[in-house]
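[1] for reference, the sequence and a predicted model appear below.
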Amino acid sequence: MTEAYHPHLAELTDASPLKGYSPEQLESTASEIRDVLCNLLATRTAHFASNLGVVELCLALHCEFDFRTDRLIWDTGHQIYPHKLITGRYHDFPTIRTQGGLMGYPNPAESDYDLFMTGHAGCSVSTAVGLRSGDILVGEPERRTVAVIGDGAFPSGIVFEALNNAGELEDDLTIVLNDNKMSICPRVGSVAGYLDRLRSNPYYTGLKSEIGKLLEQIPMLGDPAERFLAQMKEGVKAGLLGGMLFEELNIRYVGPIDGHDIGLLRKYLAMVRDMKGPVLLHVVTEKGHGYKPAAADPVYFHTPPAFEDRDGKPVTRKSDGLPAYTNHARDAISRAMSADGKVSVITAAMCQGNKLEPVREKFPDQFFDVGICESHAVAFAAGQCKSGARPIVDIYSTFLQRSYDQIFQEVCLQDLPVVFMMDRAGLTGPDGPTHHGVYDIGYMRMFPNMVVMAPGYAQELELMLTAALGHDHPCGIRYPKTSAMQLESEPLPIEIGKSETIREGDDGTIVAFGATLENALAAADLLDGELSIRVVNARFAKPIDVDMVRQAVTDGRFVVTAEEHTQVGGFGSAFLEAAVAERLDTRSIHIVGLPDRFVEHGDRNDLLHQCGLSPEALADRCRQAAKEAGIDHVLRSSTVSAD
């Protein structure tokens, strides 16, 4: 990418010059942004269609507001790329989603234009209401606040909590509803239907304004005639004007308008900017706009694999890796639903991410997509379970956090056998700290009645799901965003709370929880001839295999636990708790997991190595543990190596 190729973007050290751009210059800048986005996808996977859809909206916002002082919150934040390109980060843009480079989401450490590091949907309106209220409290009421939220995130419960609060406070606030008829997959639910009806309303904003003025002239007579005319007025407004859902919440509704017409967007943004109280501007956009393949298939192009554009046709790079854990989970879910019609699967707008499209097609009556409403998904599952169904809640680990209270109150407290499939558990690589699923062991294992397990290889995942569906208590199964190792030998049957020894050894033991088993075995191979290492597949963090803990601590000279989860509250903590309860000597136990900080984005294998979980790092940790334990041949080996 060269400056000469994108002259407008190259000169923008911040977004302020956009205010002086001509319409032609703004259109040219929009073309440059789309070209940069297409070039990026030739090198790595990234959010694509959603960013293409907000190019004109982003430019118009920065033309009508000064977000060096005004407030701008992009809900979720995956559509932040155009915003980054015009706020002085064009020259660093090739580094996006690489370690040490720009983050694929908003990041205040990069720019004052980014206020919150975000990656989960639905919170923009709440934080915007708080920002506006805070500015008034500290004596800066001249600052304007804008929240941009997509129609896919709009049905989230927290959005309506925020709208309820905003309508009561009546503080000046602009909410831009970016309506592209999509979440990652096509959006679902009755709110989506309501927005569709608003989009198809034949009365454009100008006509609606005139009707509104006319209605205001209707005289109010005494009771009961006054009540009758008031009801008639509201009925006419609801029938002709649309937007009554928002108007009843004391939030003015404007729109819908074309979200790809920069001039029109500027006109309406300027109008709502100066309105008093909370205003919702309904903007209609097309996800993938400007690149025909993405507009035609916005689901695939939400976060497509790296591809090269050849004459307008994307050519995707082939991957030769083994099937991912997600694929094995999908297939296991499908077979479970086929075997038992009472088994259902519930997802929260992540049908594509969880690769459940074939399940949705094959079992439409057993498949439920509730939208970006994780709390509802879990409470909904509890209701199904209470009725005798066997629901599987299939949600990314990082998103399941949003339903913490429902896991406690509606599931565990009732001791209902809901099965949680926690996809993307562990490090998610370039998505970074907003998406790493590294807290689920901690927030799941503390609840009574809960079982927490993790497969160490491909064949084990279906065995665990079968065991969970046959267990009369809540169960969580975590698995990462990576390919699944195939074990050559036949796996042992799953028994709740029992581990599996994969490799024998006399000097020390690596106890691996989940997918770290593959690197643990590789580390043991690296140590062949140097140390004899037993490798245990822990399988369960709760209930933990106490017999395995006792044997590991007493039979060998040291124990290293390995997990792709924070050390705080994770599997290693559970291992230590069990060892203490058994009155074992814990001095030889070494816990390897993620540090007590937010791990940045980067290649997953690189991040694992930095956190001590690569084969080489685990082997080094075993050498250190052996040295501390006084194993002589390791000391001799270290001396020879040092000389």
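    Right, received. Where do you want to start?

[2] near the nearest residue to Lys386 once chain neighbours are set aside, how many other residues are there?
    Distance criterion C-beta to C-beta, 6 or more residues apart in numbering; nearest residue to Lys386, sequence neighbours excluded, is Leu416 at 6.4 Å. All C-beta spots, glycine's among them, are computed from the backbone N, C-alpha and C. Around Leu416 sit 19 other residues, with neighbours defined as other C-beta atoms under 10 Å.

[3] over to the one 5 residues further on?
    Residue crowding around Met421 was assessed by other C-beta under 10 Å; the count is 31.

[4] go ahead and confirm it touches Tyr396.
    No. With contacts counted by C-beta atoms under 8 Å, Met421 stays clear of Tyr396, the gap being 9.8 Å.

[5] what sits in contact with each of the two?
    Asn354 (C-beta atoms under 8 Å, 6 or more residues apart in numbering).

[6] quick one, longest helix in the protein?
    Counting residues, the longest helix found in the chain (DSSP state H) is helix 23-40.

[7] could I get the contacting residues of the residue nearest to Lys386?
    Contact partners of Leu416, counting by C-beta under 8 Å, 6+ apart, are Ala382, Cys385, Lys386, Glu410, Pro474.

[8] same question, Asp92
    Counting by C-beta under 8 Å, 6+ apart, Asp92 has contacts Gly101, Leu102.

[9] if we can go back for a sec, which of the residues in the longest helix of the chain are buried?
    Under the neighbour-count criterion of 16 or more other C-beta atoms under 10 Å, helix 23-40 has Leu26, Ser28, Thr29, Ala30, Glu32, Ile33, Arg34, Asp35, Val36, Leu37, Cys38, Leu40 buried.

[10] make JSON lines from those residues and add distance to Asp135 and pLDDT to it.
    Shown next, in JSON lines, are those (distance: C-beta to C-beta, whole Å; pLDDT from 0 to 100):
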{"residue": "Leu26", "distance to Asp135": "29", "pLDDT": "96"}
{"residue": "Ser28", "distance to Asp135": "35", "pLDDT": "95"}
{"residue": "Thr29", "distance to Asp135": "30", "pLDDT": "95"}
{"residue": "Ala30", "distance to Asp135": "31", "pLDDT": "95"}
{"residue": "Glu32", "distance to Asp135": "33", "pLDDT": "95"}
{"residue": "Ile33", "distance to Asp135": "30", "pLDDT": "94"}
{"residue": "Arg34", "distance to Asp135": "34", "pLDDT": "93"}
{"residue": "Asp35", "distance to Asp135": "37", "pLDDT": "92"}
{"residue": "Val36", "distance to Asp135": "33", "pLDDT": "93"}
{"residue": "Leu37", "distance to Asp135": "33", "pLDDT": "91"}
{"residue": "Cys38", "distance to Asp135": "38", "pLDDT": "88"}
{"residue": "Leu40", "distance to Asp135": "35", "pLDDT": "88"}
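
[11] nearest to Gly263 among those residues?
    When those are compared for distance to Gly263 (C-beta to C-beta), Leu26 wins out at 8.6 Å.

[12] what is the burial count for the residue lying closest to Gln25 once chain neighbours are set aside?
    Once flanking residues are discounted, Gln25 sits nearest to His8: 6.5 Å by C-beta to C-beta, 6+ apart. When neighbours are counted by other C-beta under 10 Å, His8 registers 20.

[13] any idea which element His8 lies in?
    Taking DSSP states H and E as the criterion, the element that holds His8 is helix 7-11.

[14] mind checking the pLDDT average for that helix?
    Taken as a whole, helix 7-11 has an average pLDDT of 93.

[15] name the helices or strands packed onto it?
    helix 23-40 (3 or more C-beta pairs under 8 Å, 6 or more residues apart in numbering; DSSP states H and E).

[16] and the helix it packs on, C-alpha only, in CSV?
    C-alpha atoms of helix 23-40 as CSV (Å, rounded to 0.1, in the frame of the first residue of the first chain):
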residue,chain,number,x,y,z
PRO,A,23,-18.6,15.9,-2.3
GLU,A,24,-16.2,14.6,-5.0
GLN,A,25,-13.3,14.3,-2.5
LEU,A,26,-15.5,12.5,0.0
GLU,A,27,-16.6,10.0,-2.7
SER,A,28,-13.0,9.5,-3.7
THR,A,29,-12.0,8.9,0.0
ALA,A,30,-14.8,6.3,0.2
SER,A,31,-13.3,4.5,-2.8
GLU,A,32,-9.9,4.6,-1.2
ILE,A,33,-11.2,3.1,2.0
ARG,A,34,-12.8,0.2,0.1
ASP,A,35,-9.6,-0.4,-1.8
VAL,A,36,-7.6,-0.6,1.4
LEU,A,37,-10.1,-3.0,2.9
CYS,A,38,-9.9,-5.3,-0.2
ASN,A,39,-6.1,-5.2,-0.1
LEU,A,40,-6.1,-6.2,3.6
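
[17] what's it packed up against?
    When contacts are defined as 3+ C-beta pairs under 8 Å, 6+ apart, helix 23-40 packs onto helix 7-11, helix 49-52, helix 55-64, helix 81-85, helix 262-273.

[18] any idea how far it is from the chain center?
    Its chain's C-alpha centre and that of helix 23-40 lie 27 Å apart, by C-alpha atoms, centre = their mean, to the nearest Å.

[19] quick one, it and helix 55-64 angle?
    130 degrees (axes from the mean of the first three to the mean of the last three C-alpha atoms, to 10 degrees).

[20] can you list contacts of helix 23-40?
    1, 5-9, 18, 21, 46, 48, 51-52, 55-56, 59, 63, 81-82, 85-86, 90, 93-94, 96, 262-263, 290-291, 309.

[21] quick one, phi/psi of the residue nearest to Lys386?
    Reported as degrees, to the nearest 10, the phi and psi values for Leu416 are phi -90, psi 140.

[22] dump the buried residues of helix 23-40 into TSV; add distance to Asp507 as well.
    Below are those laid out as TSV (distance: C-beta to C-beta, whole Å):
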residue	distance to Asp507
Leu26	68
Ser28	67
Thr29	63
Ala30	63
Glu32	60
Ile33	58
Arg34	58
Asp35	58
Val36	54
Leu37	53
Cys38	54
Leu40	48
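
[23] out of the residues you listed, which is nearest to Asp365?
    Proximity of the buried residues of helix 23-40 to Asp365 (C-beta to C-beta) peaks at Leu37, which lies at 39.3 Å.

[24] so where's the stretch 1-150 of the chain shaky on pLDDT?
    For the stretch 1-150 of the chain, the stretches with pLDDT under 70 are 1-4.

[25] so how far is Gln459 from Ala324?
    In this view, Ala324 and Gln459 are 14 Å apart by C-beta to C-beta, to the nearest Å.

[26] and the two? Which one has more around it.
    Ala324 (19 against 16).

[27] bridge partners for that one, pull those for me.
    Note on Ala324: beta-bridge partners by DSSP bridges are Ser483.

[28] does it touch Ala458 like I think?
    No. Using C-beta under 8 Å, Ala324 is not in contact with Ala458; the gap is 9.4 Å.

[29] any shared contact partners between those two?
    Shared contacts of Ala324 and Ala458, counting by C-beta under 8 Å, 6+ apart, come down to Ala484.

[30] ok so, going back, now, which of the buried residues of helix 23-40 sits nearest Leu245?
    So of those, ranked by how close each gets to Leu245 (C-beta to C-beta), first place is Ala30, at 31.8 Å.
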